[in-house]
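Chemist: what's the 3D shape of this:
(chains A and B)
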Number of protein chains: 2
Amino acid sequence: MTLILNSNEIKHCVQFNKDLIPIIEDAFKSLSLGKTVMPPILRVDIEKYHGESDVKAAYVEGLDSFAVKVASGFFNNSKLGLPSSNGLMILLDSQTGIIKSVLLDKGYLTDVRTAIAGAIASKYLSNPESSTVAIIGAGIQARMQLEALSLVRDIKNVKVWSRDINKANEYIQTLKKIYDFNFQAFDNTNDLVKDADILITTTPSKNPLIKFASLPKGIHITAMGSDAEEKNELDPEIIKNCDIYVPDNQAQTTILGELNHAIKKNLITKETLFYDLGKIILNPELGRKSNNDITVADLTGTGVQDTAIARYTYSIAKNKNLGMNVE
Amino acid sequence: MTLILNSNEIKHCVQFNKDLIPIIEDAFKSLSLGKTVMPPILRVDIEKYHGESDVKAAYVEGLDSFAVKVASGFFNNSKLGLPSSNGLMILLDSQTGIIKSVLLDKGYLTDVRTAIAGAIASKYLSNPESSTVAIIGAGIQARMQLEALSLVRDIKNVKVWSRDINKANEYIQTLKKIYDFNFQAFDNTNDLVKDADILITTTPSKNPLIKFASLPKGIHITAMGSDAEEKNELDPEIIKNCDIYVPDNQAQTTILGELNHAIKKNLITKETLFYDLGKIILNPELGRKSNNDITVADLTGTGVQDTAIARYTYSIAKNKNLGMNVE
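Modeler: The predicted model follows:
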């Protein structure tokens, strides 16, 4: 029997809270320790519709189930009045391959585990007293990253830039109702990052939006927009000149992340090895050395995060007796 | 809304019949004409449990939906009294990425489209008057390949070899009830292939089971067991010495199929280009030239077959008003 969970049931099971942080941290630790089987991402590109479907999967040693996840982004959907994101997760029994559950989350769990990874990056790499965050983009991740960040840092000021400033203003109108932060929209990214303690980039931009020279001392950057070869939000000089660069998984960021562009520009060699996020979680001293360090977390999204959140969701759903069994 | 189809509904929609042949032929034609986006297979290996999960996907230009398919083989399952195969198919809207359907087929559709591909290979490559088939293996595919082959050739004699001859005898006992063929079990593969018009290999063997010298003139071989780097049923000399070698998709057989082993042994260069099955379907004259030719079809299983059969199943289910819609 396969347990089918619909999107409402999944949202009922998984809300933003601090419990998710150690769950995703454990996933990164396993990945860093090599206790995983995580094959390269499978991607179907449908250029005609400006769409892509990614499949990620990871088995973590010792766990009795693992996830295969399909996540789609179809970027003409907004013209049709539809969300661009979509997807589902499949949970398989590690011992038999039997499909325990299909989680029809429409991309929600991917959004959550991505935002939680951002929070983890800021927890370990940003200055503890960080209170001002600059956000590039005004979409779902721009919202969820802020929500997740507020679990780990005492945020007071939120600065927002979007290619369309109306979207930045809409973002502020929406979030003002929930959060008591000082919000401000910006029409250029230099002013945006000035005085910011943390910068979060969340767009599918194909051209760098931030120069190294504009960065204040001590800033931490979480770059989570780049998850495909051609995507690039940070000037590659930032990857070269920052004090600490941390990939979620270097095998992926070499191909898909901000690191990819620094390698292509010969600013960094392919052979240079960086501590990944799991290593920093296991030994935080490997991260930031001083208040003035500029740190960068390059997050492309990993299958281990999917396995972690799918397992978490399934266990809660079973406890709550949610879902429908199908033969 | 996503239409969930359970395994019984799927079996009700899709039975073995000649209608499936042109559907899978069209898939191979599209693949051969380059009208597809078919990324490399994603594979999760779980060595501890002798298990593997493969993900295949393919978009065919012009079609309004495409499939992502998960198929697992966990080879310790028989000890637990469970089938080794498992899986599901997901049908996505090509324009929006919305998940139209989840087909909980437990691997049935993969078995069917694999067997139909075998029938197509024999239809185009074997001598038309072929009546004697030799089968290596006694599992599900050994059964389904025979069932599919009988759609395209007038089979009279079935010769079976299995590592365990009891399994070959069980196979015969089961199929005797359905088919009026002359069945015979063999304890060695040399006698098995003698006088055979068609040979079908269906095992996950890692060592060649058939030598070139044992092959009779004019035989057609469908090798469908090898779908992973280390699997190998035919002596690589067969690939070198046969008259016509036909991959389902050379990008895959170079890595996963029988061709892989011939390349590794330096019997064939990586650069040698072969007509694929789709090309032979489009122009059958590119296939067998004489009754004496020895032909080989190397089938690793392709995402386009999955997209074709998932679309077919979905359309029948919609017509029959089967399945359950989930938000």
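Chemist: average pLDDT across the helix or strand containing residue A:314?
Modeler: Under the criterion of DSSP states H and E, residue A:314 resides in helix A:303-320. The average pLDDT within helix A:303-320 is 98.
Chemist: buried set for it?
Modeler: Neighbour counts using 16 or more other CB atoms under 10 Å in any protein chain shown place A:303-314, A:316-317 of helix A:303-320 among the buried residues. Any C-beta I mention is one placed from the backbone N, CA and C, and that applies to glycine too.
Chemist: Please name every helix or strand in contact with that helix.
Modeler: Applying 3 or more CB pairs under 8 Å, 6 or more residues apart in numbering or on different chains; DSSP states H and E, one finds that helix A:303-320 contacts strand A:2-5, helix A:7-13, helix A:20-32, strand A:51-60, strand A:65-74, strand A:85-93, strand A:99-103, helix A:108-125.
Chemist: ok, now which ones touch the closest residue to residue A:265 other than its chain neighbours?
Modeler: With sequence-adjacent residues excluded and distances taken as CB to CB, 6 or more residues apart in numbering or on different chains, residue A:265 is closest to residue A:236, at 4.8 Å. Taking CB atoms under 8 Å, 6 or more residues apart in numbering or on different chains, we find residue A:236 in contact with A:208, A:258, A:261, A:262, A:264, A:265, A:267.
Chemist: So how do I select the buried members of those in ChimeraX?
Modeler: Buried residues within the contacts of residue A:236, by 16+ other CB under 10 Å, are selected in ChimeraX with:
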select /A:208,258,261,262,267
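Chemist: Could you dump the contacts of residue A:236 into JSON lines with distance to residue B:75 added?
Modeler: What follows is the contacts of residue A:236, written out as JSON lines (distance: CB to CB, whole Å):
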{"residue": "A:208", "distance to residue B:75": "49"}
{"residue": "A:258", "distance to residue B:75": "41"}
{"residue": "A:261", "distance to residue B:75": "43"}
{"residue": "A:262", "distance to residue B:75": "43"}
{"residue": "A:264", "distance to residue B:75": "42"}
{"residue": "A:265", "distance to residue B:75": "47"}
{"residue": "A:267", "distance to residue B:75": "47"}
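Chemist: residue contacts, the residue positioned nearest the centre of chain A?
Modeler: Central residue of chain A (CA atoms, centre = their mean): residue A:114, 3.0 Å from the mean position. Residues in contact with residue A:114 (CB under 8 Å, 6+ apart) are A:141, A:144, A:224, A:299, A:301, A:305.
Chemist: redo that, cut-off 7 Å
Modeler: Listed by CB atoms under 7 Å, 6 or more residues apart in numbering or on different chains, the contact set of residue A:114 reads A:141, A:224, A:301.
Chemist: do the same with residue A:292
Modeler: Neighbour list for residue A:292: A:217, A:218 [criterion: CB under 7 Å, 6+ apart].
Chemist: Assign it to helix, strand or coil.
Modeler: Following DSSP: H, G, I helix; E, B strand; the rest coil, residue A:292 is assigned to coil.
Chemist: Pick the one among the contacts of residue A:236 closest to residue B:128.
Modeler: residue A:264 (55.0 Å; CB to CB).
Chemist: Now that we're looking at the closest one, what pLDDT does it have?
Modeler: As predicted, residue A:264 sits at a pLDDT of 96.
Chemist: How about the one 5 residues further on?
Modeler: Looking at residue A:269, its pLDDT reads 97.
Chemist: State the distance from it to chain B.
Modeler: Taking CB to the nearest CB, to the nearest Å as the measure, residue A:269 falls 26 Å from chain B.
Chemist: Around the residue nearest to that residue when sequence neighbours are not counted, count how many other residues there are.
Modeler: Of all residues not flanking residue A:269 in the chain, residue A:263 sits nearest, at 7.3 Å (CB to CB, 6+ apart). As a burial measure, residue A:263 scores 19 neighbours (other CB atoms under 10 Å in any protein chain shown).
Chemist: Using the three-state scheme, assign residue A:263.
Modeler: Of the three states, residue A:263 takes helix under three-state DSSP.
Chemist: Give me the buried positions along stretch A:185-196.
Modeler: Under the neighbour-count criterion of 16+ other CB under 10 Å, stretch A:185-196 has A:185, A:186, A:189, A:192, A:193, A:196 buried.
Chemist: which outside residues touch it?
Modeler: Under the contact criterion CB under 7 Å, 6+ apart, stretch A:185-196 has outside partners A:132-134, A:136, A:159-161, A:165, A:168-169, A:172, A:199, A:209-210, A:214-216, A:219.
Chemist: at 10 Å instead, please
Modeler: Contacts to stretch A:185-196, defined as CB atoms under 10 Å, 6 or more residues apart in numbering or on different chains, come from residues A:130-136, A:138, A:157-163, A:165-172, A:184, A:199, A:201, A:208-211, A:213-216, A:218-221, A:233.
Chemist: Only alpha carbons, please: show stretch A:75-89 as CSV.
Modeler: Coordinates of each C-alpha in stretch A:75-89 appear next as CSV, following Å, rounded to 0.1, in the frame of the first residue of the first chain:
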residue,chain,number,x,y,z
PHE,A,75,8.4,30.3,-15.9
ASN,A,76,5.6,31.3,-18.3
ASN,A,77,3.0,30.0,-15.8
SER,A,78,2.4,33.4,-14.3
LYS,A,79,1.0,34.5,-17.6
LEU,A,80,-1.6,31.7,-17.2
GLY,A,81,-2.3,32.7,-13.6
LEU,A,82,-0.5,29.6,-12.3
PRO,A,83,2.4,29.3,-9.8
SER,A,84,5.7,28.5,-11.6
SER,A,85,6.7,25.8,-9.1
ASN,A,86,5.3,22.3,-8.9
GLY,A,87,6.3,18.9,-7.9
LEU,A,88,6.0,15.9,-5.7
MET,A,89,8.1,13.6,-3.5
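Chemist: buried ones in that stretch?
Modeler: Neighbour counts using 16+ other CB under 10 Å place A:77, A:82, A:83, A:84, A:85, A:86, A:87, A:88, A:89 of stretch A:75-89 among the buried residues.
Chemist: ok, which of those residues also contact chain B?
Modeler: Among the buried residues of stretch A:75-89, the residues within reach of chain B (CB under 10 Å from any CB of the partner chain) are A:77, A:82, A:83, A:84, A:85, A:86, A:87, A:88.
Chemist: can you give me the helices for the stretch 151-300 of chain A?
Modeler: According to DSSP state H, counting those that start in this stretch, the stretch 151-300 of chain A carries its helices in the segments A:165-176, A:189-193, A:236-241, A:250-256, A:258-264, A:277-282.
Chemist: mind checking how far residue A:46 is from residue A:72?
Modeler: Separation of residue A:46 from residue A:72 (CB to CB, to the nearest Å): 9 Å.
Chemist: ugh, wrong one, I meant residue A:53
Modeler: Using CB to CB, one obtains 4 Å as the distance from residue A:53 to residue A:72.
Chemist: list residues touching both of the two?
Modeler: Taking CB under 10 Å, 6+ apart as the contact rule, residue A:53 and residue A:72 both touch A:44, A:46, A:86, A:87, B:68, B:92, B:97, B:99.
Chemist: mind putting those in CSV, distance to residue B:12 included?
Modeler: Supplementary listing: the shared contacts of residue A:53 and residue A:72 in CSV, determined by distance: CB to CB, whole Å:
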residue, distance to residue B:12
A:44, 29
A:46, 31
A:86, 28
A:87, 28
B:68, 23
B:92, 23
B:97, 28
B:99, 22
